[in-house]
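Undergrad: any chance you could fold what I've pasted below:
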Amino acid sequence: MTFANMTRRAWLAGVAGLSLLSATAATAQEKDDVVLGALRFTSHAAGFVAYEKGYFDEENLNVSFEFFQAAQPIAVATASGDVDFGLAGVTGGMMNLAEKDAVRIVGGVLHEKKGVDGMMVMASNQAYENGLDTVPEIKGHSMAMTQVGSTFHYMTSRIADAEGFDISDVRLVPLQKVGAMVAALKSGQVDAMIMVPHIAKPLVESGAAKELGWLYDYAEYQISTLFTSVDNIENNRDMVERFIRAYAKGIAEFNRVMLAENPDPAELDEMTRMIAKYVAPDKPYEEAMASIQMGAMNLNEGLALNMTDVAAQMQWFKDQNLVDSDLAVDQLVDDSFVETY
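TA: This next block holds a predicted model:
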């Protein structure tokens, strides 16, 4: 073999090696495109934190957000594949989709906990002036909710059960969107509603509504969850696992900063600014800051799921004939991704 042939072979080998390295690098840089369906709620902020902090990037995920105005449409979009993951309460709509093997809950997100402000029970000024000044007195009054079978529907039933009256004693008014609920309460078209603190507290502080009490006095329950399609679980499990790892980091960081008794002012300001971009994109930061910080709620560390409570919720929906009676918990929940209790 001549020196020229050796040199040529070496050059070709080098080119082949460089091509292989380039192909490997390109593969390593490819990311899974993932769409997360959410509400513009502070309780959904762990996903925004995970995005801003680069936790999704670390898991090779290119995440974008699709925002909704109620929980049940998020479940529909997840089932159809319009979004890959959904953040929302456990609703009748989600359960009916689970019964069709379209979606599964894969983690817990928002959980009521005494000592951490959660869902506030509120009255309109007009109703308050006419005597609705305690939670038990919602009996006989109108109550705003998004849809029949929504978390607002379920939460009202928990209060009714605890206070010894039937949910039929409350006139439930489905208004489809959270914004419409707020408008109806402020105008006195409905007497009461239950709402997340980043919306509820500013309403009370501005004099637009009255605080009656807190849901955690009636139910420390698993309000919202993370869910995905059965197709993703069966055919893209690695992506689901990576997403959960990144989201769990977002929860840990959110709880560490936003729920701290004495948070570091610089860290608190930095995180509040992150969240404000998603929760209040049309408001000046100075206007949004207080409501976001007041609205921080207890998020499940590690996305751990209160499966016992989810099962109890499912039974209530069955009892109300809002969900097929044959639905089983293992159709609603895939418990292989996070800790359950």
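Undergrad: for this protein, which spans come out with low pLDDT?
TA: Where the chain drops to pLDDT under 70, the residues are 1-29.
Undergrad: domains for it, by residue range?
TA: As recorded under automatic domain parsing, the domains making up the chain are 32-113+221-332, 120-217.
Undergrad: compare those domains and report which one is nearest to E339.
TA: Taking CB to CB as the criterion, domain 32-113+221-332 is the member of those that comes nearest to E339, at 4.5 Å. Where you see a C-beta, it was placed from the backbone N, CA and C, and this is true even at glycine.
Undergrad: between the two ends of the closest one, how far is it?
TA: Using CA to CA, to the nearest Å, the end-to-end distance of domain 32-113+221-332 comes to 25 Å.
Undergrad: next one: stretch 57-66
TA: Taking CA to CA, the span from the opening residue of stretch 57-66 to its closing residue is 18 Å.
Undergrad: was I right to think M120 contacts Y216?
TA: No: in this structure M120 lies outside contact range of Y216 using CB atoms under 8 Å: 10.0 Å.
Undergrad: neighbour-wise, which of those two wins?
TA: M120 (21 against 18; other CB atoms under 10 Å).
Undergrad: excluding chain neighbours, give the residue nearest to that one in space.
TA: Among residues not flanking M120 along the chain, A200 sits closest, at 3.8 Å (CB to CB, 6 or more residues apart in numbering).
Undergrad: for that neighbour, what are its contacts?
TA: Residues counted as contacts of A200 (CB atoms under 8 Å, 6 or more residues apart in numbering) are M119, M120, M122, A209, E211.
Undergrad: go ahead and confirm the last one touches N125.
TA: To tie it back to what came earlier, the one meant is E211. No: counting by CB under 8 Å, N125 is not a contact partner of E211; they are 11.7 Å apart.
Undergrad: so the residue sitting nearest the centre point of the chain: helix, strand or coil?
TA: Taking CA atoms, centre = their mean, the centroid of the chain lies closest to L87, which sits 3.5 Å from it. Judged by DSSP: H, G, I helix; E, B strand; the rest coil, the three-state class of L87 is strand.
Undergrad: how close does it get to D117?
TA: Applying CB to CB, to the nearest Å, one obtains 19 Å for the distance of L87 from D117.
Undergrad: pick the one among the contacts of A200 closest to A252.
TA: M119 (22.7 Å).
Undergrad: strands of the chain, start to end?
TA: Remark: strands assigned in the chain by DSSP state E are 32-39, 61-68, 85-89, 103-111, 120-124, 142-145, 171-174, 192-195, 209-214, 222-229.
Undergrad: can I get the ones you listed in CSV including distance to N235?
TA: What follows is the strands of the chain, written out as CSV (distance: least, CB to CB, whole Å):
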stretch, distance to N235
strand 32-39, 12
strand 61-68, 16
strand 85-89, 15
strand 103-111, 13
strand 120-124, 41
strand 142-145, 36
strand 171-174, 36
strand 192-195, 38
strand 209-214, 42
strand 222-229, 9
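Undergrad: relative to I244, which of these is closest?
TA: Taking CB to CB, strand 103-111 is the member of those nearest to I244, at 5.9 Å.
Undergrad: just checking, what packs against that closest one?
TA: Packing contacts for strand 103-111, counted by 3 or more CB pairs under 8 Å, 6 or more residues apart in numbering; DSSP states H and E, involve helix 72-80, strand 85-89, helix 92-99, strand 222-229, helix 230-235, helix 237-258, helix 329-332.
Undergrad: could I get those as CSV with distance to D133?
TA: Compiled in CSV, the helices and strands packed on strand 103-111 are given as follows (distance: least, CB to CB, whole Å):
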stretch, distance to D133
helix 72-80, 32
strand 85-89, 27
helix 92-99, 31
strand 222-229, 25
helix 230-235, 47
helix 237-258, 31
helix 329-332, 38
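Undergrad: among those, which comes closest to A183?
TA: When the helices and strands packed on strand 103-111 are compared for distance to A183 using CB to CB, the nearest one is helix 72-80, at 19.0 Å.
Undergrad: for the closest one, the distance to its chain's centre please.
TA: With CA atoms, centre = their mean, to the nearest Å as the basis, helix 72-80 stands 13 Å off its chain's centre.
Undergrad: just the buried residues of that helix, please?
TA: Across helix 72-80, burial judged by 16 or more other CB atoms under 10 Å covers Q72, P73, I74, A75, V76, A77, T78, A79.
Undergrad: what does stretch 241-255 give?
TA: Along stretch 241-255, the positions that meet the burial threshold by neighbour count (16+ other CB under 10 Å) are 242-255.
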